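[1] model this:
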Amino acid sequence: MTPYHSNKSFPSEFSDAEILHKVSEITSPQQQVCERETQDNRLWSPTPHIIWKAYPDGWVTYLGQRWEEYTGVPVAAALGFGYLAQIHPEDRPRLLASSRSCEFPPPSYEIKFRLRTREGTYRWNLATGTPANPDNQEVLEWVGTYTDMDAIEKTQADPQAELEFLPPQARSEANFRAENLCEAGTVRNQERDLHAIERFTNLLSQRAGNLCQLLQAIADATVEAIAGAEFCLVALRECDCRGLKLSAVGGAENFARAGKTPHVQNKLLWKAFATGEPVLWRSECDGWLPAAACAAAIESGESGRLGVLAIGNGKDSTAIDGETQQLLAVMGKQAAMAINSARAIEILKKQEQLLDLQNELLIRQQEELENQGRRIQQQKLQLLEAAKLKSQFLGTISHELRTPMNAIIGFSQVLLRQHKQLLSAQQTEMVGRILHNGKNLLGLINDILDLSKIESGRTELETEEFDLAHLVMDVALQFGNQATEKNVAMSVSVCLQNQFIVNDKLRLRQVLVNLVSNAVKFTHRGSICIEARELNCDRLIISVQDTGIGICETDIPHIFDKFRQADQTTTRHYPGTGLGLAICGSLVKILQGTIIAESKLKKGSTFRMEFPRKIYQKKLTS
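    Next up is the predicted model:
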């Protein structure tokens, strides 16, 4: 026996004390049902009255057991649209159309149609349909009956007439008291069941909340909908599938005064759950067991068996009968749909909560990204302002330094020209050093001044037509003596069909001078090759190739950066500010060209510059 506790579970195995002394009453409940049936029940039981449920499109989801008795077609084969094979072809459109109502609230309907019996003949039946959810604007499911009108009319005209559509045993029972067939109230009882199902569905729709509230609503609504039920138990399958957990009890207040708690035998619940068929049980002994109990599986085609729905009556053993048994089975299917919907809603709510949390997190992340973006933008503006101030400062300092440096270089040259009259040999050497270092320093100052002009956008192109071959040869001759002193061979190759181009001669010369100067500075043996050729009729290529010390592969992507040198130490062997290639890269961009470098350490480097044959004067934008 299972008392009502909120966390009580039904085990899958039972002790002998939990099994009633009358096991036959559990395994063969129909025997007691038959013993307690009245003569009126025996008369209307065989009456063809079929309960059905269907979706608005006519798809049948449930057919009562009388369907197979009447038509000879198994219920499993008739579900869906299989039942239409038994409907007369002329009546099928009308029957399907009757369930597709567009009115609100959706009305119930009655329609006559011809249904084929197990003998193969068609008989007129009355189909009644009622919306399972009358409060909704759209019908979700219909519940109704099929009643053989020919049988009723024939019996009313001739109570002794043989009902040829019934099986032999049913015919003999009907002939027992045929005159009482109409008085049995078959139609009224079936309509009562329909109203009970309708009431059950309405109660669920009104009370359903979360899953716990829904289970309690199912228990309470079952007690209210079934007249003979004093209490109802709802037991659901546990997650590990090892037992049934009692989840809700309805009608417990009926036992409050007597100090009792509703009990239902575990064997009854497990049999209904295991077989999927409703089970009826009655007890003739007084005690703490109900006088009558019935259990039906809570089952749906989508999710299978979810649990068991059980009802009981503590005093009247005849309060629950076979009709109640079938009615409870229908309610079990309705309860399964409601539970599935509630679980789906709970899952959706959890997903919505998760989405809300994710959205909130995304909003916070977006706000943080926006704040970071604003900070980065502010830092960028500050850096740009600092770079602008730096460029202005470098330009000013370079200009101020170049004036006295020019004077130093000029006076040194004047002194050198008069060294025989005024200077001794030692003094002449010292003035020569002043002149040499002054020129080097002036070159560094000019580089800084050029870079500041480029960064501030004050560099303008001065285009003119000139001979490119002559420019290349002139630059090569400028560094020819230095290459000869280092015993480095220098070669020049010019392959141009048209040697004249329109470009900024000064800026192009500055780039070429920087490239050749670096080649001479970093090459101690081998050769330097300067080549100018046409890529096509509109674009030209100048390359400077040497066999010098080369550049490390990791440094190649940064060689055109400002103030960047391969050797950044203060003890480096090659002096300079690291601005030469940076100025080259910026000037080539101004000349609407591109420059790339290829190099291998200790094997040499190649700088290749590509630019248009003809450009127009253009001001560099900052």
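[2] all strands of the stretch 401-550 of the chain, in order?
    In the stretch 401-550 of the chain, the strands defined using DSSP state E, counting those that start in this stretch lie at 464-467, 489-495, 500-503, 527-534, 539-546.
[3] please identify the most buried of those strands.
    Sort the strands of the stretch 401-550 of the chain by mean neighbour count, taking mean count of other CB atoms under 10 Å, and strand 539-546 sits at the top with a mean of 20. C-beta: built from backbone N, CA, C; applies to glycine.
[4] give me the helix or strand of this structure that scores worst on average pLDDT.
    Of all helical and strand segments in the chain, the minimum by mean pLDDT, DSSP states H and E falls on helix 24-27, at a mean of 31.
[5] so for stretch 593-610, mean pLDDT?
    Regarding stretch 593-610, the rounded mean pLDDT is 93.
[6] buried stuff in stretch 587-597?
    587-588, 590-593, 595, 597 (16 or more other CB atoms under 10 Å).
[7] would you turn the residues you listed into CSV with secondary structure and distance to S283?
    Converted to CSV, the buried residues of stretch 587-597 look like this (DSSP: H, G, I helix; E, B strand; the rest coil; distance: CB to CB, whole Å):
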residue, secondary structure, distance to S283
L587, helix, 108
V588, helix, 105
I590, helix, 106
L591, coil, 108
Q592, coil, 104
G593, coil, 105
I595, strand, 103
A597, strand, 101
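[8] nearest to G322 among those residues?
    Distance to G322 across the buried residues of stretch 587-597 (CB to CB) is lowest for A597, with 97.4 Å.
[9] contacts only, for the nearest residue to the closest one once chain neighbours are set aside.
    Excluding the flanking residues, the one nearest A597 by CB to CB, 6 or more residues apart in numbering is F607, at 5.3 Å. Applying CB atoms under 8 Å, 6 or more residues apart in numbering, we find F607 in contact with 515, 543-545, 595-597.
[10] how about those, which pair is most distant?
    Pairwise distances across the contacts of F607 peak at 13.8 Å for Q545 and I595 (criterion: CB to CB).
[11] re the thing from before, just name the closest of the contacts of F607 to Y109, please.
    The closest of those to Y109 turns out to be I596 (CB to CB; 85.5 Å).
[12] so the closest one bridges to which residues?
    For I596, the beta-bridge partners are R608 (DSSP bridges).
[13] confirm for me that it is in contact with R608.
    Yes - shown here, I596 and R608 form a contact pair, counting by CB atoms under 8 Å, at 5.4 Å.
[14] could I get the full set of strands for the stretch 101-250 of the chain?
    For the stretch 101-250 of the chain, strands defined by DSSP E, counting those that start in this stretch occupy the ranges 109-116, 122-131, 142-148, 231-237, 244-250.
[15] only the C-alpha atoms, please, for the first one, written as PDB.
    Once side chains and other backbone atoms are set aside, the C-alpha atoms of strand 109-116 remain, and they are given as PDB (Å, rounded to 0.1, in the frame of the first residue of the first chain):
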ATOM      1  CA  TYR A 109     -21.800  19.800 -34.400                       C
ATOM      2  CA  GLU A 110     -23.900  16.700 -35.400                       C
ATOM      3  CA  ILE A 111     -23.800  15.100 -38.800                       C
ATOM      4  CA  LYS A 112     -25.200  11.800 -40.200                       C
ATOM      5  CA  PHE A 113     -22.900   9.600 -42.300                       C
ATOM      6  CA  ARG A 114     -22.600   5.900 -43.400                       C
ATOM      7  CA  LEU A 115     -20.200   3.700 -41.600                       C
ATOM      8  CA  ARG A 116     -19.300   0.200 -42.800                       C
END
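[16] show the average pLDDT along it.
    Here the average pLDDT along strand 109-116 is 91.
[17] ok, R100 to D57 distance?
    For R100, the distance to D57 equals 7 Å [CB to CB, to the nearest Å].
[18] per-residue confidence for the residue minimising distance to the centre of the chain?
    Taking CA atoms, centre = their mean as the criterion, L355 is the residue nearest the geometric centre of the chain, at 10.4 Å. We have a pLDDT of 91 for L355.
[19] using the three-state scheme, assign it.
    Following DSSP: H, G, I helix; E, B strand; the rest coil, L355 is assigned to helix.
[20] ok, it - contacts?
    L355 makes no contacts at all, as judged by CB under 8 Å, 6+ apart.
[21] leaving out the residues flanking it, which one is nearest to I530?
    Using CB to CB, 6+ apart, the nearest residue to I530 is V492, at 4.9 Å.
[22] same check on A229?
    I311 (3.9 Å).
[23] neighbouring strands - and their directions - for whichever strand or helix holds that neighbour?
    Element membership for I311, per DSSP states H and E: strand 304-313. Strand 304-313 pairs in its sheet with strand 231-237 (antiparallel), strand 292-300 (antiparallel), by DSSP bridges.
[24] adding mean pLDDT, write the ones you listed out as JSON lines.
    Formatted as JSON lines, the strands paired with strand 304-313 follow (pLDDT from 0 to 100):
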{"stretch": "strand 231-237", "mean pLDDT": "91"}
{"stretch": "strand 292-300", "mean pLDDT": "90"}
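[25] of these, which is nearest Q499?
    Of the strands paired with strand 304-313, nearest to Q499 by CB to CB is strand 292-300, at 91.5 Å.
[26] and the closest residue to G550 other than its chain neighbours, how far is that from A582?
    Among residues not flanking G550 along the chain, L601 sits closest, at 4.5 Å (CB to CB, 6+ apart). Separation of L601 from A582 (CB to CB) stands at 21 Å.
[27] more crowded one of the two?
    Counted by other CB atoms under 10 Å, L601 and A582 do not tie: A582 has more neighbours, with 21 against 13.
[28] from what I see, that one and I448 are in contact.
    No - between A582 and I448 no contact is recorded; they are 10.9 Å apart, counting by CB under 8 Å.
[29] list the contacts for E299?
    Listed by CB under 8 Å, 6+ apart, the contact set of E299 reads 276, 305-306, 332-333, 336.
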